[in-house]
Each structure stands twice: as C-alpha cells, then as structure tokens.
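Peer 1: sequence and predicted structure, then a few things I'm wondering about:
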Amino acid sequence: MTAHLPPPASDHYTQLPDAQVVTTRALLTARENITDTIAARAMMCIHGGAGLGKTLAVNFCLRTLDPVEDVCRITFRARPTARAVRHELFTALGLPGEPPRHPSEFDRLLLDALAAEPRTLVVDEAQWLNRETFEYFRFAWDNPYTQIAVIFVGGEGAHTVLRKEPMLSSRIFIWQHFTRLTPEEVQQVIPLYHRLWADAAPYDIAFADSRAAHGNFRNWARLTAHTRTALERTGRTRVDQDLLRWAFSRLGSTV
C-alpha cells in the first residue's frame, strides 16, 4: 500500500496545473537507486539543495514500484529528539492505542511493528536530524528482525551529519546527490515540463533560466505559474521576454 505517500498533484510546487513529471537523468537514477535499496533492505541518502526535485522524485518512484511497497513517510520541520522520532514512527505506522511512556517499552513496540512486514521508511527533510536521531533509525535498521529499508531525503546538512559519523555513513548503501539542471538539460526538460514552454523559443527558455530559474525546478514552477497568469491576463498565446520580465518582477529577479 502507498497510502502514506502524498497525492501526485501535491508533488508540484503550489500544485501547478498541467505540470508534468519529467524523467530527468536524476529521476531515472533515483528510480534505480531506490529499487536497489529496497531490494537489499538497506539505507540510502538523497541529498542536495532546496527545490531540485528530490522529494518529487522519491514520491514518484515509490508510487511506480512493482510490487508495491508499504511506505511510511515521516517529515520533520524542526530538530527532533529521539523521543519525537519514536512518536512520529508510532503515528506513521498507524499503531493503535496510546504511545508507551517508557523508552524501552516504546522501542520494543516499534521494533515488533517494524519486524511484522517489509516496509520502506522515507525520512524527508532529513537535514533537521542530528547524530542522536540518525542513530535511532540505525538502531531500528540494525535490529536483525526488522524488515525495513530507509530513504533519507534532505539538504546538504543531512549529508554532512551522516558523513561525520563513520558508524552511520558506513551503513548507507547508496548516496545520490541532486544538482541543478544544466543549460542543456533545461532545453530538453522544460518544454516537456509544462505546455506553456512547449512552443517557446529556445532563447526565451535560456533567458528565463539564466535570469530567474537557474536550473532549479521549484524556481521553474514559480516562474511558470506567474507566466501563466501573464498569458491569461494579456490574452497572448506564447511566451515572450516582456511577459518574462513581468514574471521576474514577482520573483524579485531583476533584468
């Protein structure tokens, strides 16, 4: 079951209408890496700057797994403690009743649940984790009876903490670093990403990327949303640099 994954429409920034998932090299690599990590019941780390499509790639790849894997997705918005990790796992696993008060009892409950059937834990925003909380996932994964794969998804902070701890980094099966789209990739990918760019001139796409998007998918989503608004309000049918300059002004970019 993949009920713990968000709906596909939420993958795109602001749920941009008509946005498409494009099979970039990074996404294809992620699909192979995730498949191999799950098959090995291992741990992997996908890391990179904000807005590069890491979470989208993971969600998309997990939805297309065959056979379908039971996925538990956990997201942290602030620096958690081990206690917070226990409670997030309790909720993500859908365990009944009230969480145990004593850590040892809580750990036994969680380990038993994680041993009951194969699962993949997706830990998003992993840059918020510190050594203690990474160690808790290692503790759960190291248990000989649990049947879990763990996918850490986060900014460069996640990579930095993991690399500093040999006991942790040595257990990471696969590392994948997401980077910005190159100018060549932008020309290949963006016309497929949204129909707004399908008939745009290559020099206009290059102009938009160099002045505002900078190879970042989230920037492209924001730019597309504002350019779409400009087309609707002006009645124009194609992107041009006047429209792009107006969109840039909304993004705080200057030309």
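Peer 2: Sure, I can see it. Please read these numbers as outputs of a predicted model, since none were measured by experiment.
Peer 1: alpha carbons only for contacts and neighbour counts from here, please
Peer 2: Will do.
Peer 1: which residues of the stretch 151-255 of the chain fall in helices?
Peer 2: Taking DSSP state H, counting those that start in this stretch as the test, the helices found in the stretch 151-255 of the chain are 156-164, 166-169, 183-193, 202-208, 217-234, 241-251.
Peer 1: got any ranges where the chain has weak pLDDT?
Peer 2: With pLDDT under 70 as the threshold, the chain has low-confidence stretches at 1-3, 67, 253-255.
Peer 1: quick one: the strands in it, in order.
Peer 2: Taking DSSP state E to define them, one finds strands in the chain at 43-48, 71-75, 119-124, 148-154, 172-178.
Peer 1: I'd like those strands as CSV, with distance to residue 133 appended.
Peer 2: Formatted as CSV, the strands of the chain follow (distance: least, Cα to Cα, whole Å):
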stretch, distance to residue 133
strand 43-48, 15
strand 71-75, 13
strand 119-124, 11
strand 148-154, 12
strand 172-178, 15
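Peer 1: format those strands as a markdown table; extra columns: mean neighbour count.
Peer 2: Output for the strands of the chain, formatted as a markdown table (neighbours: other Cα atoms under 10 Å):
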| stretch | mean neighbour count |
| --- | --- |
| strand 43-48 | 25 |
| strand 71-75 | 20 |
| strand 119-124 | 22 |
| strand 148-154 | 24 |
| strand 172-178 | 17 |
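Peer 1: out of these, flag the one nearest residue 95.
Peer 2: Taking Cα to Cα as the measure, those were each checked against residue 95, and strand 71-75 came out nearest at 12.1 Å.
Peer 1: that closest one relative to strand 119-124, how many degrees between them?
Peer 2: Between strand 71-75 and strand 119-124, the angle formed by their directions is 20 degrees, by axes from the mean of the first three to the mean of the last three Cα atoms, to 10 degrees.
Peer 1: for strand 71-75, which outside residues touch it?
Peer 2: Strand 71-75 is contacted from outside by 1-5, 62, 88-89, 92-93, 119-126, using Cα atoms under 8 Å, 6 or more residues apart in numbering.
Peer 1: where's residue 172 relative to residue 137, distance?
Peer 2: Counting by Cα to Cα, to the nearest Å, the separation of residue 172 from residue 137 is 12 Å.
Peer 1: burial measure for residue 189, as a count.
Peer 2: Under the neighbour criterion other Cα atoms under 10 Å, residue 189 is assigned a count of 18.
Peer 1: about what we covered before: residue 58 is nearest to which of the helices of the stretch 151-255 of the chain?
Peer 2: Proximity to residue 58, assessed across these by Cα to Cα, is greatest for helix 217-234 (14.7 Å).
Peer 1: buried residues in that closest one, which are they?
Peer 2: The neighbour-count check on helix 217-234 (16 or more other Cα atoms under 10 Å) flags 217-228, 230-231 as buried.
Peer 1: same list (these) but as a markdown table, adding distance to residue 77.
Peer 2: As requested, the buried residues of helix 217-234 are exported to a markdown table (distance: Cα to Cα, whole Å):
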| residue | distance to residue 77 |
| --- | --- |
| 217 | 21 |
| 218 | 19 |
| 219 | 21 |
| 220 | 24 |
| 221 | 22 |
| 222 | 22 |
| 223 | 26 |
| 224 | 27 |
| 225 | 26 |
| 226 | 27 |
| 227 | 31 |
| 228 | 31 |
| 230 | 34 |
| 231 | 36 |
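Peer 1: just the residues you listed now: which is nearest residue 19?
Peer 2: Of all the buried residues of helix 217-234, residue 221 has the smallest distance to residue 19: 8.2 Å, by Cα to Cα.
Peer 1: check contacts around that closest one.
Peer 2: When contacts are counted by Cα under 8 Å, 6+ apart, residue 221 is found next to 12, 13, 16.
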